[in-house]
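[1] Sequence first, predicted coordinates after that:
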Number of protein chains: 2
Amino acid sequence: MGHGGGGTLSAELMREVFAPAYGNAVLAGLGDSAALSLGSARLAFSTDSYVVRPLFFPGGGIGDLAVNGTVNDLAMSGARPAHLSCAFILEEGVPLATVRRVAQSIGAAAAAAGVTVVTGDTKVVEAGHGDGVYLNTSGIGLIPEGVDIRPQRATPGDVVIVSGPIGMHGIAIMSVRDGLEFGSEVVSDTAPLGGLVEAMLAVTADLHVLRDPTRGGLAASLNEIATASGTGVALTDSAVPVPEAVAAACGFLGLDPLYVANEGRLVAFVPREHADAVLEAMRAHPHGAHAAVIGECVADHPGMVVARTGLGGTRVVDLPLGEQLPRIC
Amino acid sequence: MGHGGGGTLSAELMREVFAPAYGNAVLAGLGDSAALSLGSARLAFSTDSYVVRPLFFPGGGIGDLAVNGTVNDLAMSGARPAHLSCAFILEEGVPLATVRRVAQSIGAAAAAAGVTVVTGDTKVVEAGHGDGVYLNTSGIGLIPEGVDIRPQRATPGDVVIVSGPIGMHGIAIMSVRDGLEFGSEVVSDTAPLGGLVEAMLAVTADLHVLRDPTRGGLAASLNEIATASGTGVALTDSAVPVPEAVAAACGFLGLDPLYVANEGRLVAFVPREHADAVLEAMRAHPHGAHAAVIGECVADHPGMVVARTGLGGTRVVDLPLGEQLPRIC
């Protein structure tokens, strides 16, 4: 199960199985989406499958998750998300009403994100070979002139900004998961981030890195950026916005909020001279109202993420091995 | 299960659930891929999930099927297939060697088709909620200037050409399916058709319709074209190339080869004045060596496919309700 968790085991599968099999330069970029040229256009292209359990959870469902997830992967390369595909794998016997509810949430989420679902597919597998509904969305968008956002561009001096409180999606899912149900008022943060990114790019085209910290949480995203860029990341633990209910649930479950999945947040590496203006633009946007500076990119400890704790000490924030709980997206 | 078979039930799901939920003009085109404009580029964009059972079969496996299937959907709009995404849903416990074998076949098939796999995703579900490996591929390609290939363009007078013998993929799968195994020398026809389409477009940019008759076979494709264009299709039964082994297996299983899936064939609607030259160009290409004229587009019986039988009679070739056997792709 760990190979699907977005941590060390996922990275291993990528490095040892997929990369050698497909081997090409674009894939090696390892961003949330691929940036490519087609004719005269610069495009972002991304794909994700969704196997979240349960299908509906506080704050959302598999349909809006699938739309927002792929929209956000596109936005993380600075692209304006434009078109989505949507493919269903249905388990025999799933009620038509469930399929309809998922399809309607896809339509509504697409409208909210300003994208169109232009192509699709439906397969059905026998009962006992699926779990109601699995979805895949892929998406394409145009990358504006002069924008070059990718993990390799993190540079010592960059200010690290997160767009809002973390850990909400993962805790919302866990709170309703069979065998784990606990009372919690946390709802998923699932949201489309294309508009927020557009507002940030209006300040400067020179954003260095954007990433949405989904599986593996903020810890996995920061580690991937540190590895790809060969720089270090210095976090200030106390600056990371963790809602009280998330902190309580994490305490109860023995989890570190840095490793809990988000679906409507981004982390940005911004050149120091633009950081204040970018932060201000983020705070003026509904999806960035609680944006906060959480650290900086440093030349020390290249490839590593280190957090300053409240007691004046430091701790290494490792790449997780897998996801703490499978199937959260 | 029938809702995934590419026949009447699939069409119903599309018309009554997905179309109203997503409602937009591009989707309404109902081609194998969506044709859209992004910046100054005219793109084709397509997606398909693959749940074929077993994972490996005579002539291919899920990996090359997933590459060729999406490459062919792009080619059916006249696009030059360029880039693919590839997303895995793995069942917990599937051997790493199986994943590696599938990944390698994807890499090899992509190289053969001249496309690159630029982005991907891996999810893992618990044992008993999948079936080894499910794949999704999505793809994009550029549509050349002046090309406008879609089902609506079928016109009375068009010559209907099929690129080779039919029914081979479906029979190859059935021959190795648990509980159905029978001796057969039929291997899947899975193949990328981008090169063949390019050779046809070199004769004339004015091809009216291209379609790869996968789920639901030639019968489903011809019915979809007749419905979309409001024309009739008149087939000559004896002209349809059916390999002897496919005919024998169909007799044994009680199937009509017109309804059996293909994965390396296309059917083309070509203006009469270009038909001879296009047929000649097809026969000069390895994937079209046994191309044959099988009928014509007519003003009679709009929306219907009618076959002339060997005895001088006619029969209506209906859209199938579902696939005769689920999970053939």
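    All right, it came through fine.

[2] all strands for the stretch 201-329 of chain A, in order.
    Assigned by DSSP state E, counting those that start in this stretch, the strands in the stretch 201-329 of chain A fall at A:209-211, A:232-236, A:267-270, A:292-298, A:305-308, A:314-316.

[3] which residues in the stretch 1-150 of chain A form helices?
    For the stretch 1-150 of chain A, the helices defined by DSSP state H, counting those that start in this stretch cover A:8-13, A:19-22, A:62-75, A:96-113.

[4] Out of the strands of the stretch 201-329 of chain A, the one nearest residue B:78 is which?
    Residue B:78 sits nearest to strand A:209-211 of all those, at 35.3 Å, using CB to CB. (Each C-beta comes from the backbone N, C-alpha and C, glycine too.)

[5] List just the one of the strands of the stretch 201-329 of chain A that sits closest to chain B.
    Nearest of the strands of the stretch 201-329 of chain A to chain B, taken as CB to the nearest CB: strand A:209-211 at 14.9 Å.

[6] what pairs with the closest one, and is each one parallel or antiparallel?
    Looking at strand A:209-211 with DSSP bridges, its partner strands are strand A:267-270 (antiparallel).

[7] what's the longest strand in chain A?
    The strand that spans the most residues within chain A, counting by DSSP state E, is strand A:80-91.

[8] Skip the chain neighbours and tell me the closest residue to residue A:205.
    Leaving aside its chain neighbours, residue A:205 sits nearest to residue A:146 (4.5 Å; criterion: CB to CB, 6 or more residues apart in numbering or on different chains).

[9] Residue A:91 too?
    residue A:130 (3.3 Å).

[10] any chance of the strands of the stretch 201-329 of chain A in TSV, with mean neighbour count and mean pLDDT too?
    Output for the strands of the stretch 201-329 of chain A, formatted as TSV (neighbours: other CB atoms under 10 Å in any protein chain shown; pLDDT from 0 to 100):
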stretch	mean neighbour count	mean pLDDT
strand A:209-211	27	98
strand A:232-236	21	97
strand A:267-270	26	98
strand A:292-298	20	98
strand A:305-308	20	96
strand A:314-316	12	94
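
[11] near chain B, which residues of the stretch 201-329 of chain A show up?
    By the rule CB under 8 Å from any CB of the partner chain, the part of the stretch 201-329 of chain A lying against chain B is A:326, A:327.

[12] let's see 6 Å
    Contact residues, the stretch 201-329 of chain A versus chain B (CB under 6 Å from any CB of the partner chain): none.

[13] in the stretch 201-329 of chain A, which spans are helices?
    For the stretch 201-329 of chain A, applying DSSP H, counting those that start in this stretch gives helices covering A:217-229, A:244-253, A:272-283.

[14] Look up the residues forming beta bridges with the closest residue to chain B within the stretch 51-200 of chain A.
    Closest to chain B within the stretch 51-200 of chain A is residue A:124: 3.0 Å, counting by CB to the nearest CB. Per DSSP bridges, the residues bridged to residue A:124 are residue A:90.

[15] Over to residue A:85?
    Note on residue A:85: beta-bridge partners residue A:119, residue A:138, judged by DSSP bridges.

[16] For it, give me its contacts.
    For residue A:85, the contact set (CB atoms under 6 Å, 6 or more residues apart in numbering or on different chains) comprises A:119, A:138, B:47, B:138.

[17] likewise residue A:191?
    By CB under 6 Å, 6+ apart, the contact list for residue A:191 reads A:264, A:287.

[18] rerun that using 8 Å as the cut-off
    Residue A:191 sits next to A:68, A:263, A:264, A:287 when contact means CB atoms under 8 Å, 6 or more residues apart in numbering or on different chains.

[19] The first one touches residue A:114, doesn't it?
    No - counting by CB atoms under 8 Å, no contact exists between residue A:68 and residue A:114, whose distance comes to 11.9 Å.

[20] so what sits against both of these two?
    Taking CB under 8 Å, 6+ apart as the criterion, residue A:68 and residue A:114 both touch residue A:192.

[21] pLDDT score for residue A:26?
    Residue A:26 carries a pLDDT score of 61 in this model.

[22] sorry, that was for residue A:29
    55.

[23] go on, residue A:145?
    Predicted confidence (pLDDT) for residue A:145: 92.

[24] what sits against it?
    Taking CB under 8 Å, 6+ apart as the contact definition, residue A:145 lies against residue A:42.

[25] Where does pLDDT dip in the stretch 1-150 of chain A?
    Low-confidence segments of the stretch 1-150 of chain A (pLDDT under 70): A:25-31.

[26] can you do 90?
    By pLDDT under 90, the low-scoring segments of the stretch 1-150 of chain A are A:1-35, A:37-41.

[27] Kindly report the same for the stretch 151-300 of chain A.
    Per-residue confidence for the stretch 151-300 of chain A (pLDDT under 90) gives these ranges: A:177-185, A:252-254.

[28] Check it for the residue nearest chain B and tell me.
    Distances between the stretch 151-300 of chain A and chain B by CB to the nearest CB are smallest at residue A:215, namely 9.2 Å.

[29] Assess the claim that that residue and residue A:5 are in contact.
    Yes - between residue A:215 and residue A:5 a contact is recorded at 5.9 Å, counting by CB under 8 Å.

[30] list the residues that contact both of those two?
    Residues touching both residue A:215 and residue A:5 by CB under 8 Å, 6+ apart: residue A:323.

[31] Walk me through the domains of chain A.
    Domain assignment for chain A by automatic domain parsing gives A:35-142, A:151-316.

[32] Most tightly packed of these?
    Neighbour counts (mean count of other CB atoms under 10 Å in any protein chain shown) averaged over each of the domains of chain A peak at domain A:35-142, with a mean of 23.

[33] give the contact list for the closest residue to residue A:249 other than its chain neighbours.
    Excluding its sequence neighbours, the residue lying closest to residue A:249 (CB to CB, 6+ apart) is residue A:171, at 4.7 Å. Counting by CB under 8 Å, 6+ apart, residue A:171 touches A:184, A:186, A:245, A:246, A:249, A:250, A:260.

[34] and if you look at residue A:207?
    Counted by CB under 8 Å, 6+ apart, residue A:207 has contacts A:78, A:147, A:149, A:200, A:201, A:268, A:269, A:270, A:274, A:278.

[35] Over to the closest residue to the third one other than its chain neighbours: give its phi and psi.
    This points to residue A:149. Leaving aside its chain neighbours, residue A:149 sits nearest to residue A:78 (4.4 Å; criterion: CB to CB, 6+ apart). When quoted as degrees, to the nearest 10, the phi and psi of residue A:78 stand at phi 80, psi 0.

[36] Do I have it right that residue A:78 meets residue A:153?
    No - the criterion here is CB under 8 Å, and residue A:78 misses it with residue A:153 at 11.1 Å.

[37] What count of nearby residues applies to the nearest residue to residue A:42 once chain neighbours are set aside?
    Distances taken as CB to CB, 6+ apart place residue A:143 nearest to residue A:42, at 4.3 Å, with adjacent residues excluded. For residue A:143, the neighbour count with other CB atoms under 10 Å in any protein chain shown is 22.

[38] picking that back up, in a markdown table: the strands of the stretch 201-329 of chain A, plus distance to residue A:55.
    A markdown table is the format used below for the strands of the stretch 201-329 of chain A (distance: least, CB to CB, whole Å):
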| stretch | distance to residue A:55 |
| --- | --- |
| strand A:209-211 | 27 |
| strand A:232-236 | 34 |
| strand A:267-270 | 28 |
| strand A:292-298 | 32 |
| strand A:305-308 | 34 |
| strand A:314-316 | 37 |
